[in-house]
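1. Here's a sequence, model it:
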Amino acid sequence: MAVIIHSKLCKGCKVCVKSCPFGAITVENKVAEISAACTGCNACLEDVCPFHAIEKIEDEKHGVDIHEYHGVWVFAEQRQGKLMDVAIELMGEGRRIADMINTELSAVLCGENVEGLADDLIAFGADIVYIFDAPELKSYTTDAYTKVIYEAIMKYKPEIVLLGATHIGRDLGPCLAVKCGTGLTADCTRLEVDPEDKKLMQTRPAFGGNLMATIICPNHRPQMSTVRPGVMSKPVRDDDRLGEKICVPVSIPSIELRTKILDIVHSAKELVRLTDAEIIVSGGRGLGRQEGFGLLSEFAEKLSGVIGASRAAVDSGWIDHAHQIGQTGTTVKPKIYFACGISGAIQHLAGMQEADYIVAINKNELAPIFEVADYGIVGDLYKIIPVIMEELDRQQGYRGKGMDGF
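-> As a prediction, the model looks like this:
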């Protein structure tokens, strides 16, 4: 797409200059010119030019024969021989989508000595598991994984490819999309299928989380998405399911590998497993001070839960970013989510509103968090939480039982 100005028709009246919200139009020697700042927003085309000197030219669309592509693929991310939770979540979502478009679900498994994980993937819904087993794939590297999966995509032609929005998925997905000449919708929170033409409708937060955008890829294949961990529900395992295992030959010349893993150093700090937690106690700016997380930690310990936080609390330096929940943090789906001193900005809601039960504690009765909360308590959290903990202590045998105590 390009916006052009016909110099022979332009009179240099500057009407179009005033209409452009991006300052992309200037007038030199009584002729308007358009700079690279143009976004193609059409503001200068809405009957602005009285001399009809501005024209928008659409690029010719070059797609592929989409009828050659069939099947849903899920990148089954594994680390040290263990499937990542998001891979299992995507198996359930992939199974749902495959059934809607009447096609098979396949898992893509890369690593060394990982064939045993294929049975798990079949139990979670895969019809086919493509196994890429080689020493070069033991640990993730961009070049190796991109090469083998891209070649498989070109050979088997799946119409949909789903990856988890992990550090690996966010690196691998764009590389595959570029090589395949297709689009990629990142950090999706919802996937649906258009009932008319079976296109994948990929929904993700946009404009800082202030609205949700649904994106389609009508002319290219495969349709590719990275999906946030913790958004989709895990499928029920069925060990009686039958599926096919295809061991794909792997050939990766060393000259094509620009990086080499010398060592893997695991972080010494305590890991925060927010995505696995059944109970999360989160604090926000309403805590007023860093010491407030001491109270929340005590509360979470009684519930056998973990600590979460809003971006405001993290930006204030009260708690590590690993605890952050929301659009720029972790997306979670616990059974119970306590929002303590959190106002409920849409960016935070995007990361926790799928919790089974949301309990909000806030002084401001008009806080947006109460609009999504199942239970709301208006008041000072420093008075309310101790009362709740005292009541929990009165319940004989409660302490340390987690969800069993409810």
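2. Identify the residues contacting the closest residue to T203 other than its chain neighbours.
-> Leaving aside its sequence neighbours, T203 sits nearest to R190 (Cβ to Cβ, 6 or more residues apart in numbering; 4.0 Å). Every C-beta, even on glycine, is put in place using the N, C-alpha and C of the backbone. Counting by Cβ atoms under 8 Å, 6 or more residues apart in numbering, R190 makes contact with Q202, T203, M212, V231.
3. With distance to R241 and neighbour count added, can I get the residues you listed in TSV?
-> Shown next, in TSV, are the contacts of R190 (distance: Cβ to Cβ, whole Å; neighbours: other Cβ atoms under 10 Å):
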residue	distance to R241	neighbour count
Q202	27	27
T203	29	16
M212	34	14
V231	24	24
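4. count of neighbours near G23?
-> G23: 10 surrounding residues under other Cβ atoms under 10 Å.
5. Can you tell me, leaving aside adjacent residues, what's nearest to it?
-> A37 (6.4 Å).
6. from memory the one you found sits against T26, does it?
-> No. Between A37 and T26 there is no contact under Cβ atoms under 8 Å: 10.0 Å.
7. Have a look at the two and say which one is more surrounded.
-> Neighbour count, other Cβ under 10 Å: between A37 and T26, T26 has more, with 14 against 10.
8. Look at that one and tell me its secondary structure.
-> strand (DSSP: H, G, I helix; E, B strand; the rest coil).
9. Surely it touches K14?
-> No. T26 lies out of contact with K14 (Cβ under 8 Å); the separation is 9.2 Å.
10. Give me the common contacts of those two.
-> Going by Cβ under 8 Å, 6+ apart, residues that sit against T26 and also against K14 are A32.
11. Distance check, A32 against K8.
-> From A32 across to K8, the span is 12 Å (Cβ to Cβ, to the nearest Å).
12. the more surrounded of these two?
-> A32 (24 against 8).
13. can I get the CA coordinates of the helix or strand that one falls within in CSV?
-> According to DSSP states H and E, A32 maps onto strand 31-34. Taking C-alpha atoms only, strand 31-34 is exported to CSV below (Å, rounded to 0.1, in the frame of the first residue of the first chain):
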residue,chain,number,x,y,z
VAL,A,31,4.0,20.7,-4.3
ALA,A,32,3.1,18.4,-1.4
GLU,A,33,5.4,15.5,-0.5
ILE,A,34,4.7,12.4,1.6
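14. What helices and strands are in contact with it?
-> strand 2-5, strand 25-28 (3 or more Cβ pairs under 8 Å, 6 or more residues apart in numbering; DSSP states H and E).
15. Among the ones you listed, which comes closest to K335?
-> Between K335 and the helices and strands packed on strand 31-34, the tightest spacing by Cβ to Cβ is seen for strand 2-5, at 52.3 Å.
16. in the closest one, what counts as buried?
-> Within strand 2-5, the residues that count as buried by 16 or more other Cβ atoms under 10 Å are V3, I5.
17. average model confidence for it?
-> The pLDDT scores in strand 2-5 average 81.
18. Partner strands of it and their direction?
-> For strand 2-5, the paired strands and their directions (DSSP bridges) read strand 54-57 (antiparallel).
19. after the strand it pairs with comes which helix or strand?
-> Toward the C-terminus, strand 54-57 is succeeded by strand 72-75 as the next helix or strand (DSSP H and E).
20. Show me what that following strand is packed against.
-> Using 3+ Cβ pairs under 8 Å, 6+ apart, strand 72-75 sits against helix 85-100, strand 105-111, strand 160-164.
21. Any idea which of the ones you listed gets closest to L242?
-> strand 105-111 (13.2 Å).
22. Could I get the CA-only coordinates of the closest one as CSV?
-> The C-alpha trace of strand 105-111 is given here as CSV (Å, rounded to 0.1, in the frame of the first residue of the first chain):
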residue,chain,number,x,y,z
LEU,A,105,-4.0,-32.6,15.3
SER,A,106,-0.2,-33.1,15.2
ALA,A,107,2.4,-32.4,17.8
VAL,A,108,6.0,-31.3,16.9
LEU,A,109,8.5,-32.8,19.3
CYS,A,110,12.2,-31.8,19.2
GLY,A,111,15.0,-32.9,21.4
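23. With mean neighbour count, distance to K18 and mean pLDDT added, can I get the helices and strands packed on strand 72-75 in JSON lines?
-> Shown next, in JSON lines, are the helices and strands packed on strand 72-75 (neighbours: other Cβ atoms under 10 Å; distance: least, Cβ to Cβ, whole Å; pLDDT from 0 to 100):
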{"stretch": "helix 85-100", "mean neighbour count": "23", "distance to K18": "48", "mean pLDDT": "94"}
{"stretch": "strand 105-111", "mean neighbour count": "27", "distance to K18": "53", "mean pLDDT": "96"}
{"stretch": "strand 160-164", "mean neighbour count": "29", "distance to K18": "45", "mean pLDDT": "96"}
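24. how about JSON lines for those, with distance to V378 added?
-> Below are the helices and strands packed on strand 72-75 laid out as JSON lines (distance: least, Cβ to Cβ, whole Å):
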{"stretch": "helix 85-100", "distance to V378": "35"}
{"stretch": "strand 105-111", "distance to V378": "47"}
{"stretch": "strand 160-164", "distance to V378": "38"}
